[in-house]
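Participant: just a sequence and a predicted model for now, questions to come.
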There are 4 protein chains.
Amino acid sequence: MGNSFGELFRISTWGESHGGGVGVVIDGCPPRLPLTEKDIQLDLDRRRPGQSKIVTQRDEADRVRIISGTFKGKTLGTPIAMLVDNKDQRSEAYSEMETKYRPSHADYTYDAKYGIRAWPGGGRTSARETIGRVAAGAVAKKILKKQFGVEVLACVSQVKNVSTEIHPDKVTLKQVESNIVRCPDKVAADKMIRLIERMRKQGDSVGGVVTGVARGVPAGWGMPVFDRLEADLAKAMLSLPASKGFDIGSGFDGVALQGSEHNDVFRMRGGRVRTVTNRSGGVQGGISNGETIYFQVAFKPTATVLKEQDTVSVKGKNVKLKARGRHDPCVLPRAVPMVEAMTALVLVDHALRHRAQCGFSSK
Amino acid sequence: MGNSFGELFRISTWGESHGGGVGVVIDGCPPRLPLTEKDIQLDLDRRRPGQSKIVTQRDEADRVRIISGTFKGKTLGTPIAMLVDNKDQRSEAYSEMETKYRPSHADYTYDAKYGIRAWPGGGRTSARETIGRVAAGAVAKKILKKQFGVEVLACVSQVKNVSTEIHPDKVTLKQVESNIVRCPDKVAADKMIRLIERMRKQGDSVGGVVTGVARGVPAGWGMPVFDRLEADLAKAMLSLPASKGFDIGSGFDGVALQGSEHNDVFRMRGGRVRTVTNRSGGVQGGISNGETIYFQVAFKPTATVLKEQDTVSVKGKNVKLKARGRHDPCVLPRAVPMVEAMTALVLVDHALRHRAQCGFSSK
Amino acid sequence: MGNSFGELFRISTWGESHGGGVGVVIDGCPPRLPLTEKDIQLDLDRRRPGQSKIVTQRDEADRVRIISGTFKGKTLGTPIAMLVDNKDQRSEAYSEMETKYRPSHADYTYDAKYGIRAWPGGGRTSARETIGRVAAGAVAKKILKKQFGVEVLACVSQVKNVSTEIHPDKVTLKQVESNIVRCPDKVAADKMIRLIERMRKQGDSVGGVVTGVARGVPAGWGMPVFDRLEADLAKAMLSLPASKGFDIGSGFDGVALQGSEHNDVFRMRGGRVRTVTNRSGGVQGGISNGETIYFQVAFKPTATVLKEQDTVSVKGKNVKLKARGRHDPCVLPRAVPMVEAMTALVLVDHALRHRAQCGFSSK
Amino acid sequence: MGNSFGELFRISTWGESHGGGVGVVIDGCPPRLPLTEKDIQLDLDRRRPGQSKIVTQRDEADRVRIISGTFKGKTLGTPIAMLVDNKDQRSEAYSEMETKYRPSHADYTYDAKYGIRAWPGGGRTSARETIGRVAAGAVAKKILKKQFGVEVLACVSQVKNVSTEIHPDKVTLKQVESNIVRCPDKVAADKMIRLIERMRKQGDSVGGVVTGVARGVPAGWGMPVFDRLEADLAKAMLSLPASKGFDIGSGFDGVALQGSEHNDVFRMRGGRVRTVTNRSGGVQGGISNGETIYFQVAFKPTATVLKEQDTVSVKGKNVKLKARGRHDPCVLPRAVPMVEAMTALVLVDHALRHRAQCGFSSK
């Protein structure tokens, strides 16, 4: 319950931070897709700790193994199980977690829900859980690219008060990967990096905004009325650790406009129905309209700070807590591949669902 | 596919604007709950057109009938089917919709997806579809109140540039219902009403923000890692017509704070674990923490404006369109019961899911 | 929970025997399929009471109305809601049911589960519930025929000890409909009819076996390992009122053979891979192999008999019960369209699921 | 799609015969249940090859590892991932499978569906796939026993023409495990063992019937109208490799009786509503009635026989095939723990579902 995502391209993730490993099972992958560990590892490397000076310095190689679902380098149509072993486990850095609830973490709520909690490393609440998502997302991205010509990418558009404007139609993966914060605007990126470094030195943390983009999605994907494309994207994004908000197209800013200003008027262009502006963010009435899909995801500042904080103990006493260990002063750079993964998972699922219902006869 | 919502308290809505009616089936409702049409009609009246001068002037009584699932005024545990007949159908007001795509509406995307479209009144894309949601939400609200002591409400916190601060712990239904725009701050409400009236006279429209609140939710609801409470709320809200964004607690604004400022520290109060602040919005790690849940939903300005706009025809010609008919200059007042309904549906579903998995033995 | 069937072509039925009506919502129907009430009514007439002297003499016309999901005689791709009003309700015939549990009926178990029960006419346990299934099944049959060239039919192959052999490749709808018991063998049919008449006069009842057939299913439908085609067919059949068993192909009789006798050897025929025999019943490893699918469903004798029986009251007293009213002395003739409906629902669902996962590239 | 089972206690199995391993993920397990590998291994040992002279002589230890979902010997409420490595892989024994379709196996249908097939060892169609089911079933059995006092067991009641009568209320695990064929009747067991040995020597195979039993199930489990208890059991059983039929209670044999003979009359006994007979098999109207649940599952003779058979090649030529390797001459002894596992999975899922919907207030 709650650990699976998707209807037809369905992933199930499992694993705690300090258990035997973390992984994912994909059910519903189309057969005969070329797939090897290499396809997966690239995105896992973009997600992994220790990749740069502005993320946590834990050293986790996160090597993925495909255990089932492929044969001679091709998918079988059967479940694809992928596993990453847990390494570099220093439980002692977390020993205080056994007895105290970290503020704005899920320690308390897990205890309240389950009456038990794997405290080393945060257990299931650790960001290690997203390894399974990113691995599955890499498969989804490959399907989207190969089968549908759809490109998915994400980038950091804001860190605290440092922001930049993203051009969804133009931003490239190369730009995103040109710096360690994954912001395509180099000037802003430099400011963000310096800001994050300053926070790390202070033992504090910052949040920000990731912009997600999908280009080449044909008109027609999305399942009204509940499984609208933006609804499933919203759920996907709010399921990521530390995310607090989602908006698509003009989003919260669109509220400032009047209808006559906000509407995306249609024009024929290149023989296709196009919109002149794209405040809709590529989705109208829950269905893609053929324009670029883009959206924003807010991430809060990392909850773990190396300053002393008030909190309560598991026994119900008011106590002080000063976190130790190696933590991300800002989750944004590592959130980028997570946002891409969840976007790709939503899209490939909707591609399959659309195909199922509407793929029978030509219009 | 796509017209059902919820796992255990599952609703399926159906119906087009100008067909035989609209309705909903609830599957999974607990048995022996007192339930009659009166419980439902109250919220439908808050949703219906023609209720005030600032909403559409279509005259739809929207009388609900419970066709199955109750016996002598109590639920049976079997599916509850509810039906509202379609009335006051003036298809002629929509005749241009047959041949032209309204900008920022779903006319084009429905054609792109299905290759067919019920154009009178917008068919399935009409806000009439939400009747089923509101009816089912009324049942969910009753269960929450009776079985769990949980109160759900929503209110308008912003219309275009007129906004007010909502106090999630204090706002009351009486305040919300004290004016036709459903904003608990009377000063702001007056400004909002005047603004909406001005827009209507201009044939234009405005959007805004609805704040949703749930009080009394016990710690422990929510299903990590994908079916986090905020993830399911986000999906629920983004599935509403005209919604463009969702954030919970500090949301997008929380990005401006550092972790040491943003964290909600724990303290014991009244023998319970409480947070001193509530930037988390009542949810941590996807699970309720016992504090008040609150979130914001952005609604775009109504797409239908009575000004001439560029668009394309179904035959692919660039044309002009000037909408006629009776439309909402602002969807916010009628969106309030919809937000409440979707919130209640998410919560009752999670209450049942939590009970199923964790209800066996005491902690 | 429990009132929906199918993953992609998903039906949700609702309604009690003596409430406002019974109905069904289909979600996931492909768009642009010609569909009117006529397509549905034919099968409802084959299911309805009062159609012949060997079924219950209640007079229920069971006129269906399509309330949503079609426009100008074609499906929209949106939910199709269908409704049949309840008529000819003589609650007084059932008044004893309020206080006594009918043996081998669901009166007691509904009370045990829900703590409440709509006793008039059996409420949700009435065979009226199958109206929604048969209506949805008629849509499924039309899709199978039009889109895939698949023919589904069922017939009575045994009533008590009177049985006949069915030839799955050859039996025709015309043969089945040539007599009121729906057995394609006229000699056996006559015996069955006389036997059922005798039972009715005695106030007793009989059961039997329905054989289901699907011809023209291409090789490749079915979703191992749990959603095997035969597994979903088994569930579909055991979900029908009064059914007690299911077997496919050689089924229980196949146990008597050795592997070397039982195997269906492959041979090329007409350029296709074919099996020489068909003990597999058209399914191997959960996936259709291109041969005719056939299976058997056991139905118990109707539980309602007009003889005095021991039972207990709702207050826990040992009492006597002598049923009154108009009941089927044998459900088999009316079960035939139900078996067809459920078969068609399983098949169209698997057709869509197969298309979703495997429909992308040619082999 | 198709590799998960259950709604609330949901398992997802993965793995091919000759890949990296096979396994299962359980989502929805209640927290704080004591659980270690020992609880699982017992049933895996009853399922494993090489356990006796009448099953396949492949030597697979099938050691299970719990990789996630437990902490200090207790379940966390998070997904439980369990893995068994693949060993003793002699692909050469299967080399002919690469080019020829084994009669009555799934080789051809997998190719027809997916256009690709992991031929070594049968890939996903291998009975190794059931390791995940049996492992998850062991957890389900433990929950049923500890939380609900429900005992699940199965036994062989027929091998080819050798059969015995099972007494569902009395048969014990000790009787079942007292001999290698797992038939509680020693006389019949001896005959069955000799028969299977004879078959093995002839290179032929036999099928039979397994009887499943669940004792102590309270009245009230089951979800009409589609997710009836017997419907979900039927699906569960027909999803097992080589199964061809399912019937519950009197099943196909009940067809021979008249209603007045077949009905289970109610009587008060020990202050409870009981039935005098149990032809219903413990389920009425899809809901358990508090009596012992019992049912029969037909398994066909193993398709792999060591005699030369006609078949076709993957290139579409008529050819001969003579299987080699180590195969079960009869799957029944090893099917017993599989039937138990699937029964337990159905029951625990329904226990949770019942709790969710009906667990709020006392009757």
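Facilitator: On my side now, so go ahead.

Participant: mind listing the helices for the stretch 51-200 of chain A?
Facilitator: Under the criterion DSSP state H, counting those that start in this stretch, helices of the stretch 51-200 of chain A are mapped to A:107-114, A:130-148, A:173-176, A:186-202.

Participant: residue C:33 is nearest to which of those?
Facilitator: Nearest to residue C:33, of all those, is helix A:130-148, at 25.5 Å by C-beta to C-beta. All C-beta spots, glycine's among them, are computed from the backbone N, C-alpha and C.

Participant: for that closest one, the distance to its chain's centre please.
Facilitator: A distance of 12 Å separates the centroid of the chain from that of helix A:130-148, by C-alpha atoms, centre = their mean, to the nearest Å.

Participant: average pLDDT for it?
Facilitator: Averaging pLDDT along helix A:130-148 yields 97.

Participant: for burial, what's the neighbour tally of residue A:49?
Facilitator: By other C-beta atoms under 10 Å in any protein chain shown, 20 other residues sit near residue A:49.

Participant: I misspoke; the intended subject was residue A:186.
Facilitator: Count around residue A:186 with other C-beta under 10 Å applied: 12.

Participant: roughly how far apart are it and residue A:197?
Facilitator: For residue A:186, the distance to residue A:197 equals 16 Å [C-beta to C-beta, to the nearest Å].

Participant: try residue A:330
Facilitator: Distance from residue A:330 to residue A:197, by C-beta to C-beta: 10 Å.

Participant: residue A:43 now?
Facilitator: In terms of C-beta to C-beta, residue A:43 sits 25 Å off from residue A:197.

Participant: between these two, which is the more surrounded one?
Facilitator: Applying other C-beta under 10 Å to residue A:43 and residue A:197 shows that residue A:43 carries more neighbours, namely 25 against 14.

Participant: SS state for that one?
Facilitator: Here residue A:43 is recorded as helix under DSSP: H, G, I helix; E, B strand; the rest coil.

Participant: residues near the closest residue in space to it that isn't next to it in sequence, how many?
Facilitator: Leaving aside its chain neighbours, residue A:43 sits nearest to residue A:138 (4.4 Å; criterion: C-beta to C-beta, 6 or more residues apart in numbering or on different chains). Residues lying near residue A:138 (other C-beta under 10 Å) number 25.

Participant: Provide a list of residues in contact with residue A:138.
Facilitator: Counting by C-beta atoms under 8 Å, 6 or more residues apart in numbering or on different chains, residue A:138 makes contact with A:39-40, A:42-44, A:341.

Participant: cool, residue A:74 as well?
Facilitator: Counting by C-beta under 8 Å, 6+ apart, residue A:74 makes contact with A:31-35, D:116.

Participant: residue A:108 and chain B: what is the separation?
Facilitator: Here residue A:108 is placed at a distance of 6 Å from chain B (C-beta to the nearest C-beta, to the nearest Å).

Participant: wait, doesn't that residue sit right on residue B:266?
Facilitator: Yes. With contacts counted by C-beta atoms under 8 Å, residue A:108 reaches residue B:266, the gap being 6.6 Å.

Participant: which residues are common contacts for the two?
Facilitator: A:101, A:312, B:273.

Participant: any idea how far the first one lies from chain D?
Facilitator: Read it as residue A:101. On the measure of C-beta to the nearest C-beta, residue A:101 and chain D end up 17 Å apart.

Participant: tell me how many other residues crowd that residue.
Facilitator: For residue A:101, the neighbour count with other C-beta under 10 Å is 27.

Participant: which ones are touching it?
Facilitator: Residue A:101 sits next to A:107-108, A:111, A:311-314, B:266, B:273 when contact means C-beta under 8 Å, 6+ apart.

Participant: same question for the last one.
Facilitator: With C-beta under 8 Å, 6+ apart as the criterion, the residues that contact residue B:273 are A:101, A:108, A:112, A:312, A:316, B:219, B:266, B:289-290.

Participant: neighbours of residue A:80, how many?
Facilitator: 26.

Participant: surely it is in contact with residue A:29?
Facilitator: Yes. Using C-beta under 8 Å, residue A:80 is in contact with residue A:29, at 5.6 Å.

Participant: what sits in contact with each of those two?
Facilitator: By C-beta under 8 Å, 6+ apart, the residues touching both residue A:80 and residue A:29 are A:69, A:139.
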